[in-house]
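Engineer: give the three-dimensional model of this entry:
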Amino acid sequence: MTASFIFVLCLIALALVFDYINGFHDAANSIATVVSTRVLSPGVAVVWAAFFNFIAFAVYGTRVAKAIGDSVHMEKIEPELRLYVLLAALVGAIIWNLITWYLALPTSSSHALIGGYVGAGLVAYGGAGGVLNTAYLFRTITFIVLSPLIGALLGLGLMVAVSWVFRRWTPHHVDRLFRKGQLLSAAGFSLGHGGNDAQKTMGIMTAVLAAGGYISYGENGALPPIPLWVVLAAHAAIALGTLSGGWRIVHTMGTKITKLKPVGGFCAETGAALTLAYVTLTGTPVSTTHTITGAIVGVGATKRLSAVKWGVAGRILWAWVLTIPIAATIAGLSFLILRLALRLG
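Structural biologist: Have a look, this model is predicted:
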């Protein structure tokens, strides 16, 4: 067993650790509304979400994985440095994820990974100079703004429509109906969460295999097709992470932004699920966190603007803005440390 093979195995294991952390960091995205409205207990909710996280591989394909893997032109980086770039990218993303989990901030694991990959790639290449796939990155950065906005508009629109359709129903009957409806909306959102987020790890794992020489790059250095075992491993890891839960962030998402009833939870989850279905099928890596937060804000705003706790939302917004640059910085510094260690070794 060669040192290179062991290194590749360790990187794949680290990528799966990131995927697992993604799951428990983002468990709140899938279950916060259904738990805060007391439709499901936390234990049952995470099992429900984890199941749909896993089966998402049968629905959404691998377009997002390709976008992540091709966001840096690895063929422009020296072959002996490629695995270290990927290692530094994962380190940057994991450290930022753990920091924000500890601070109970629902930030984006997706953007942390992209930031880490970009930061490590830039430092390894010695500057921009065409090493970044600007088309993918521009679309990703655009949807930092668009995904929560779309989620908010859909959440608001659904809430307004539902309020009008059921305006003659008693609150008790509306509550009973949408407690059942939330099971479906939570399942739809968890399906989108698994479909979009697990693919990011697939992209990195496949890039590791290509950089290690175990599979061949595609035309013009593009990421090759994703192996089936990589797809299944990534979905299993994120589902296990979701089973672990992220209770600190559940509290922030489910109660601190705005108080939700089952009808509001249904509209927020459905709006976010529709947004995720669109972006995942079009191959856009987005933040499930941003999407569900936007949808919750949209639902809260239908009551009155003061129903949304804008101070909490503003704190979350700053964490969103800082995610890519801070993860990129951590990854870039990690790569410099690794390169120094290699030279000293």
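Engineer: quick one: contacts for Gly181?
Structural biologist: Listed by CB atoms under 8 Å, 6 or more residues apart in numbering, the contact set of Gly181 reads Pro262, Phe266. The C-beta positions use only the backbone N, C-alpha and C, and glycine is treated the same way.
Engineer: could you rerun that using 7 Å?
Structural biologist: Phe266 (CB atoms under 7 Å, 6 or more residues apart in numbering).
Engineer: what does the one 10 residues further on give?
Structural biologist: The contact partners of Leu191, taken as CB under 7 Å, 6+ apart, are Phe52, Ala56, Val59.
Engineer: reduced to three states, what does it come out as?
Structural biologist: helix (DSSP: H, G, I helix; E, B strand; the rest coil).
Engineer: distance of it from His235?
Structural biologist: Going from Leu191 to His235 by CB to CB, to the nearest Å gives 11 Å.
Engineer: need the overlap of contacts for these two.
Structural biologist: With CB under 7 Å, 6+ apart as the test, Leu191 and His235 both reach Ala56.
Engineer: any idea which of the contacts of Leu191 has the most stuff around it?
Structural biologist: Among these, Ala56 has the most neighbours (other CB atoms under 10 Å), with 25 neighbours.
Engineer: that residue against Leu232, yeah?
Structural biologist: No. Using CB atoms under 7 Å, Ala56 is not in contact with Leu232, being 11.5 Å away.
Engineer: report the spatially nearest residue to Gly241, omitting neighbours in sequence.
Structural biologist: Gly23 (2.0 Å; CB to CB, 6 or more residues apart in numbering).
Engineer: so how far is Gly121 from the one you found?
Structural biologist: 25 Å.
Engineer: picking that back up, switch the contacts of Leu191 over to TSV; also include distance to Asn196.
Structural biologist: Converted to TSV, the contacts of Leu191 look like this (distance: CB to CB, whole Å):
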residue	distance to Asn196
Phe52	13
Ala56	8
Val59	11
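Engineer: on that earlier part again, tell me the contacts of the residue nearest to Gly241?
Structural biologist: Counting by CB under 7 Å, 6+ apart, Gly23 has contacts Asn53, Ala237, Ile238, Ala239, Leu240, Gly241, Thr242, Ser244.
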